[in-house]
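Enquirer: let's see this in three dimensions:
(chains A and B)
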Amino acid sequence: MKAISIVALGEVDEESLSAIEAGLWQAFGFDVRRADARPEPAGAYDAQRGQYSSVLILRDLLGYVSQGDVRLVGVTEKDLFIPMLSFVFGQAQLNGVAAVISLARLRQEFYGLPPSRPVLISRSVKEAIHEVGHTFGLTHCADSTCPMSLSNNVRQVDVKGEDLCRNCSIIFEENTNHIRSRIKPGAEVRK
Amino acid sequence: MKTHWHIMVVDDEEVMRESLAAWLREDGYCVDTAVSGSEAIASARKQEYAIYFIDLKMPGGIDGIETMMEIRKIHYEASIIIVTAYATVDTAITAMKEGAQEYIVKPCNPEEISLLVGRIIKVKNLQRENTILRKKLTRQYSFHDIISKSPKMMAIFELVKDVASLRSTVLIQGESGTGKELIARAIHFSGDRAREPFIGVSCAALAETLLESELFGHEKGSFTGATSQRRGKFEMADGGTIFLDEIGDISTKLQMDLLRVLQERKFYRVGGMEEIEVDVRVIAATNNDLDQAVRDGRFRDDLFYRLNVINIHIPPLRERREDIPLLAHHFVERISHELGKDIRDIGEGGLKILMNQDWPGNVRELENAIERAIVTCKARMLTEEDFAFLNNNGNHNPEKKNWSVPMNMTLEEAESRIIGATLHRTHGNIKEAALILGIDRSTLYDKIKRYKLPRE
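Expert: Model (predicted):
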């Protein structure tokens, strides 16, 4: 059975992983399964920046994609970057197979605030949907409440919901007609 | 839609290049990449990019600044963002001086880059919208390729629509270069005959015998060189319209032949015995004073009355100066496109020179002047200097040639008279008068009040 696979890269908050699993199933209707955790992406570490290259992690992830994976999503606690930007919450191959998200900057404590599990879980789910959405060919959405809208900071993440807007739902359905095994009620087009 | 906008990322470092490209693609843009300046320049020749991200330091080959300068020559309007890992004031100044729109130091905050790209695209969307609106405005003022907002021309357009489907003969009078043939075409193509032929003949261009054969055709052997039978323009125009330009120049014999065709719609080919019947609408045009020619006995009055059933007089350009900016912008756009030049506009100084000319050759002369200016222009906008040849050749305005100042005239009197004359020329249009006088509208308005001048 084809499914979206989630893989923890190093030690990752278990509650967030479970929430991401449920969130992706709800948003896209594909089965979601947990792949075996992999070690921290040490090769992607940039000592000068003290961050991990999301590009190198994506390259690594492509090596782990198995036959039954509709998509493969890596989740890490490490802070990610691309060379041009100071950080990214995550990165995905547009119309590709792999995506990665980081929980580092989704935590309240990153900003000197008291930790909040509900906030972390909510943000993790939205960012996972966002990055996986890119792999299904969805680009940034102008609707700030759609999980596909661009977020450059956690305030923008918090404004988003977990349901794809009508437009993104239609594009997702068109783009995945050929691979969808079934559509769960949660993934129906939002009216 | 963001997908309308193409972005190019130029960087020799693959990870840098591809990660930025991927990030921009996620945002919905069409992104291409190049590993070197020369590859980027080659791509720029094939495809227009709205934004270029160019790495400043690219070892081997040309660097970021040189790449930018080459791309500027190809796409002047492209927005170029120079990217560097190490910011120094010198490199930033050089980049900006050479035309970079922005200079960013990596790594930069994602918010910063989103705002930057968003701001550039917003401006580009507005520019595109502006271009579309300007084109729409031009169309609003145009009628079958005739561009005007002058009330006199609007009345002609109305008349053209009214008479388009009639068979009545039309006589179009107007100075050379006013667009008589365009009006004739507008009549033809607005009416029931639009799908039938429109045949134009310049009566002044051919000798009498040739013109006769041209109009009515000839039989084989009817004159030396008539080696085969040939149909004339009247036959070719059967069912449609024949446009007889420069009708005032035809001979007395041809005037008689033409009168017969107009009366009976029948004629003989030169040397022919068979009478040919046609259904042709005749539109004639002249830049001569036909009334005077009739009075002088050079033109048959009966033919004049036959031709002059519907009379259209096209005013010379100097009597509809409000059309000069409209026509000038139209010609700049069309001619620069035809000549493959990237000239988009005409500056205020250039426009002022055009407004000051009397254009004895009318629209055609204006068009030629703009073409000459475009050919020699090196910049993207036509300026006063590009029209220097108009000043050097002397202004056509007779008022200026005869300019003299009475000995006892005060400066205020002179100013009042100049403003009064200019307002008269512009039919009271303050905006145009201010442009000609080189002062702003509010100053002109104050002066009109001070000198108690009538608006027209």
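Enquirer: confidence score at the residue of the stretch 351-456 of chain B found nearest chain A?
Expert: Nearest residue of the stretch 351-456 of chain B to chain A: B:R380, at 31.3 Å (C-beta to the nearest C-beta). Bear in mind the C-beta positions are built from the backbone N, C-alpha and C, glycine included. Among the per-residue scores, B:R380 shows a pLDDT of 80.
Enquirer: thought it was touching B:I343?
Expert: Yes - the pair B:R380 / B:I343 is scored as a contact, 5.8 Å apart, by C-beta atoms under 8 Å.
Enquirer: neighbour count for these two, which is higher?
Expert: Comparing B:R380 with B:I343 by other C-beta atoms under 10 Å in any protein chain shown, the one with more neighbours is B:I343, at 21 against 13.
Enquirer: what separation do you get for that one and chain A?
Expert: With distances taken as C-beta to the nearest C-beta, to the nearest Å, B:I343 is found 36 Å from chain A.
Enquirer: and stretch A:147-158 with chain B, contact?
Expert: Yes - legend: contact between stretch A:147-158 and chain B by C-beta under 8 Å from any C-beta of the partner chain is shown at A:150, A:152-153.
Enquirer: so which residue is smack in the middle of chain A?
Expert: Among the residues of chain A, the one closest to the centroid is A:A128, at 2.2 Å (C-alpha atoms, centre = their mean).
Enquirer: again, but for chain B
Expert: With distances taken as C-alpha atoms, centre = their mean, chain B has B:F331 as the residue nearest its mean C-alpha position (2.2 Å).
Enquirer: so after the helix or strand where that residue lies, what's the next helix or strand?
Expert: Using DSSP states H and E, B:F331 sits in helix B:323-338. Beyond helix B:323-338 on the C-terminal side, the first helix or strand identified by DSSP H and E is strand B:345-346.
Enquirer: after that next one, which helix or strand is next?
Expert: Per DSSP H and E, strand B:345-346 leads on to helix B:348-356 as the next helix or strand towards the C-terminus.
Enquirer: go ahead and name everything in contact with that next one.
Expert: B:321, B:324-325, B:328, B:346, B:366, B:369, B:373, B:381-384, B:386-387, B:390-391, B:395, B:397, B:432, B:435-436, B:438 (C-beta atoms under 8 Å, 6 or more residues apart in numbering or on different chains).
Enquirer: just the buried residues out of the residues you listed, in PyMOL syntax.
Expert: Below is the selection syntax for PyMOL that covers the buried ones among the contacts of helix B:348-356, with 16 or more other C-beta atoms under 10 Å in any protein chain shown defining burial:
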select buried, chain B and resi 321+324+325+328+346+366+369+373+382+383+386+387+390+432+435+436
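Enquirer: among the contacts of helix B:348-356, which lie within helices?
Expert: Within those, residues falling in helices by DSSP state H are B:324-325, B:328, B:366, B:369, B:373, B:390-391, B:432, B:435-436.
Enquirer: sorry, back to before: gap between the nearest residue to the residue nearest to the centre of chain B once chain neighbours are set aside and B:F223?
Expert: What sits nearest to B:F331 in space, not counting adjacent residues and going by C-beta to C-beta, 6 or more residues apart in numbering or on different chains, is B:I370, at 4.4 Å. B:I370 sits 44 Å away from B:F223, taking C-beta to C-beta, to the nearest Å as the criterion.
Enquirer: more crowded one of those two?
Expert: Neighbours were counted for B:I370 and for B:F223 using other C-beta under 10 Å; B:I370 has more, 27 against 13.
Enquirer: pretty sure that one sits against B:P325.
Expert: No - with contact defined as C-beta under 8 Å, B:I370 does not count as touching B:P325 (11.8 Å).
Enquirer: can you give me how far the lowest-mean-pLDDT helix or strand in chain A is from the chain middle?
Expert: Considering only helices and strands, the least confidently modelled element of chain A by mean pLDDT, DSSP states H and E is helix A:166-176, at a mean of 88. Centroid separation between helix A:166-176 and its chain, computed with C-alpha atoms, centre = their mean, to the nearest Å, is 18 Å.
Enquirer: what is the neighbour count of the residue lying closest to B:E371 once chain neighbours are set aside?
Expert: Counting by C-beta to C-beta, 6+ apart, B:I335 is the residue found nearest to B:E371 once chain neighbours are left out, at 5.1 Å. Burial of B:I335, expressed as a neighbour count using other C-beta under 10 Å, amounts to 19.
Enquirer: one more: the one 5 residues further on?
Expert: Applying other C-beta under 10 Å, we find 6 residues neighbouring B:G340.
Enquirer: the least confident helix or strand of chain A close to chain B?
Expert: No - among the residues of helix A:166-176, none lie within reach of chain B under C-beta under 8 Å from any C-beta; the closest is 11.3 Å away.
Enquirer: list the buried residues for that helix?
Expert: In terms of neighbour count (16+ other C-beta under 10 Å), helix A:166-176 has its buried residues at A:167-169, A:171-173, A:175-176.
Enquirer: who are the packing partners of that helix?
Expert: Contact analysis of helix A:166-176 by 3 or more C-beta pairs under 8 Å, 6 or more residues apart in numbering or on different chains; DSSP states H and E lists no helix or strand as a packing neighbour.
Enquirer: tabulate the CA atom coordinates of that helix in CSV.
Expert: Output of helix A:166-176 as CSV, limited to C-alpha atoms (Å, rounded to 0.1, in the frame of the first residue of the first chain):
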residue,chain,number,x,y,z
ARG,A,166,-10.6,25.7,-2.0
ASN,A,167,-8.1,26.6,-4.7
CYS,A,168,-5.3,24.6,-3.3
SER,A,169,-7.6,21.6,-2.7
ILE,A,170,-8.7,21.7,-6.4
ILE,A,171,-5.1,21.9,-7.6
PHE,A,172,-4.1,19.1,-5.2
GLU,A,173,-6.9,16.9,-6.5
GLU,A,174,-5.9,17.6,-10.1
ASN,A,175,-2.3,17.0,-9.5
THR,A,176,-2.8,13.7,-7.6
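Enquirer: can you list the low-confidence ranges for the chain?
Expert: Just going to use chain A. Regions of chain A meeting the criterion pLDDT under 70 cover residues A:180-191.
Enquirer: wrong one, I was asking about chain B
Expert: Using pLDDT under 70 as the threshold, the predicted model of chain B has low-confidence ranges B:1-4, B:87, B:136-142, B:391-405, B:455-456.
Enquirer: what does it put close to chain A?
Expert: Counting by C-beta under 8 Å from any C-beta, the residues of chain B that sit close to chain A are B:2, B:13, B:15-16, B:18-20, B:22-23, B:25-28, B:83, B:106-111, B:113-114.
Enquirer: residues from chain A in reach of chain B?
Expert: For chain A, the contact set with chain B under C-beta under 8 Å from any C-beta comprises A:49, A:53-56, A:81-88, A:91-94, A:134, A:139-140, A:150, A:152-153.
Enquirer: among the residues you listed, which ones are buried?
Expert: When burial is judged by neighbour count using 16+ other C-beta under 10 Å, the buried members of those are A:53-56, A:81-88, A:91-94, A:134, A:139-140, A:150, A:152.
Enquirer: looking at those, which are in strands?
Expert: By the criterion of DSSP state E, membership of those in strands covers A:53, A:81, A:91-92.
Enquirer: now B:G118: how far from A:A128?
Expert: With C-beta to C-beta as the criterion, B:G118 and A:A128 are 25 Å apart.
Enquirer: wait, B:E13 sits on B:D55?
Expert: Yes - counting by C-beta under 8 Å, B:E13 does reach B:D55; the two are 7.4 Å apart.
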